[in-house]
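A.B. asks: predicted model follows, preceded by the sequence.
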Amino acid sequence: MSTEDEPLKALLLPFDGGVLPWPQGRVLFLRGRDGWPLRRHDLSRLRCEQGSRPLADALQRAGIDAVPELPADEPAALVLVLPPRQREEARALLARAVDLAAPGARVVAAAANDEGARSREKDLQQLAGLDGNLAKFHCRVFWTPPLQGPRDAALAAQWRGGDAVRPLPGGRFHSRPGVFAWDRIDAASALLATHLPADLRGRGADLGAGWGYLAAEVLERAPGVTALDLYEAEFRALELARRNLAGARIAPGFHWHDVTAGLARGGYDFIVSNPPFHAHDRGDRPELGQRFIEVAARALRPGGRLLLVANRHLPYEGTLAQAFGQRRVLAEAGGFKVIEATKGASR
């Protein structure tokens, strides 16, 4: 599989080929990512919105301004967009892009063919009209004419509203499109919650906390827990976790953080995790979960416990054996496994 960022290459294609001019004014990039195609252009007035901490950190390392959320009052001479696969989130992002375009500015968007490129192209055409498109790298790039706002303001408002925070069934939690398991409690986390030991106590952490379900279950099921830190790389998921745990019996710590970059050593009595195994390109990345296990082992005190849930087929046992003194399977159901691992005194 190619390691190139094909959608990013496609997005910059109209500028590389002289079809569109790179403007002198401010450029905004929604869901921006770093890469060599971007660096061919003047980035002095570029500002990126990126809610994924690893991707935001990569932009910052390249000297590119990146924030998790752009303010609404920064009109730009060009708005670039890499819309996501999830339809409601993507439509809302296109509507925001049109809102952020100054009078006479364009919106340029690109997506991979297998990530809904034609649907996103039709969406932008419906919202603001199209002035051109190109197909290359198994992607499509498409752009508006110079804009004076959306051609259909009611549709833009409807699409923005489709990305709103909403209660899940039962009303206990809130979520929104674009985060993992946004419209449900995922089965793996529910299985782990069912098998959380009631004797968990002291200071704990949830690695890859999502919108806060597991953390809420820890605080409800284990009264001996006195502190809990949530680490989550997706900004919009972490903001939902803040909302979902606003009434918790203790005030958790919320950290917009890339767990794979590591944590402080030896501070936690227990850690819970339903680690990711996909990156932004959606390919299987079991090394992400393996890294979560390694980071958890370093962050636990001797005798501390990791409670982990994962798809049964993922190759985590070798990493667990290297990082922990004792391991046992607490449950297997629905294609998932729940593992408890205890850190030895010498690790």
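C.D. replies: Structure's in. What do you need?
A.B. asks: Ala251 versus Arg242, what's the distance?
C.D. replies: Separation of Arg242 from Ala251 (CB to CB, to the nearest Å) stands at 10 Å. (Each C-beta comes from the backbone N, C-alpha and C, glycine too.)
A.B. asks: could you check which of these two has the larger neighbour count?
C.D. replies: Arg242 (13 against 10; other CB atoms under 10 Å).
A.B. asks: so where do the strands sit in the stretch 151-300 of the chain?
C.D. replies: 166-167, 174-175, 201-207, 224-232, 253-256, 268-273, 300-311 (DSSP state E, counting those that start in this stretch).
A.B. asks: now the angle from the last one to strand 268-273?
C.D. replies: In other words, strand 300-311. Put simply, strand 300-311 runs at 10 degrees to strand 268-273, going by axes from the mean of the first three to the mean of the last three CA atoms, to 10 degrees.
A.B. asks: that older thread, now the strands of the stretch 151-300 of the chain as CSV including mean neighbour count, distance to Arg328 and mean pLDDT?
C.D. replies: Output for the strands of the stretch 151-300 of the chain, formatted as CSV (neighbours: other CB atoms under 10 Å; distance: least, CB to CB, whole Å; pLDDT from 0 to 100):
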stretch, mean neighbour count, distance to Arg328, mean pLDDT
strand 166-167, 11, 37, 96
strand 174-175, 20, 32, 98
strand 201-207, 22, 19, 98
strand 224-232, 20, 21, 98
strand 253-256, 16, 29, 98
strand 268-273, 25, 15, 98
strand 300-311, 21, 11, 96
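A.B. asks: out of the ones you listed, nearest to Ala102?
C.D. replies: Ala102 lies closest to strand 253-256 among the strands of the stretch 151-300 of the chain, at 29.5 Å (CB to CB).
A.B. asks: what packs against the closest one?
C.D. replies: strand 224-232, helix 235-244 (3 or more CB pairs under 8 Å, 6 or more residues apart in numbering; DSSP states H and E).
A.B. asks: and of these, who's closest to Cys139?
C.D. replies: helix 235-244 (24.3 Å).
A.B. asks: contact partners of that closest one?
C.D. replies: Applying CB atoms under 8 Å, 6 or more residues apart in numbering, the external contacts of helix 235-244 come out as 51-53, 68-69, 165, 173-176, 178-180, 209-213, 215-216, 230, 232, 254-256.
A.B. asks: put the alpha carbons of stretch 151-158 into CSV.
C.D. replies: Extracted in CSV, the C-alpha atoms of stretch 151-158 (Å, rounded to 0.1, in the frame of the first residue of the first chain):
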residue,chain,number,x,y,z
ARG,A,151,-26.2,29.4,-3.1
ASP,A,152,-28.7,27.8,-0.7
ALA,A,153,-28.4,29.4,2.8
ALA,A,154,-31.2,27.1,4.2
LEU,A,155,-29.3,24.0,3.1
ALA,A,156,-26.1,25.3,4.6
ALA,A,157,-27.8,25.8,7.9
GLN,A,158,-29.3,22.3,7.7
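A.B. asks: how far is that stretch from where the chain is centred?
C.D. replies: Distance of stretch 151-158 from the chain centroid (CA atoms, centre = their mean, to the nearest Å) equals 27 Å.
A.B. asks: partners of the residue lying closest to Ala331 once chain neighbours are set aside in the sheet?
C.D. replies: Leaving aside its sequence neighbours, Ala331 sits nearest to Val338 (CB to CB, 6 or more residues apart in numbering; 4.4 Å). On the basis of DSSP bridges, Val338 is bridged to Val309, Ala331.
A.B. asks: report how many residues lie close to Val338.
C.D. replies: Val338 is flanked by 22 other residues according to other CB under 10 Å.
A.B. asks: so what's it scoring on pLDDT?
C.D. replies: pLDDT for Val338: 97.
A.B. asks: what about it, distance to Ala190?
C.D. replies: With CB to CB as the criterion, Val338 and Ala190 are 11 Å apart.
A.B. asks: swap in Lys343?
C.D. replies: Applying CB to CB to Lys343 and Ala190 gives a distance of 26 Å.
A.B. asks: and stretch 156-171, how far from the chain's centre?
C.D. replies: 18 Å.
A.B. asks: and for stretch 180-187?
C.D. replies: Stretch 180-187 sits 14 Å away from the centroid of its parent chain (CA atoms, centre = their mean).
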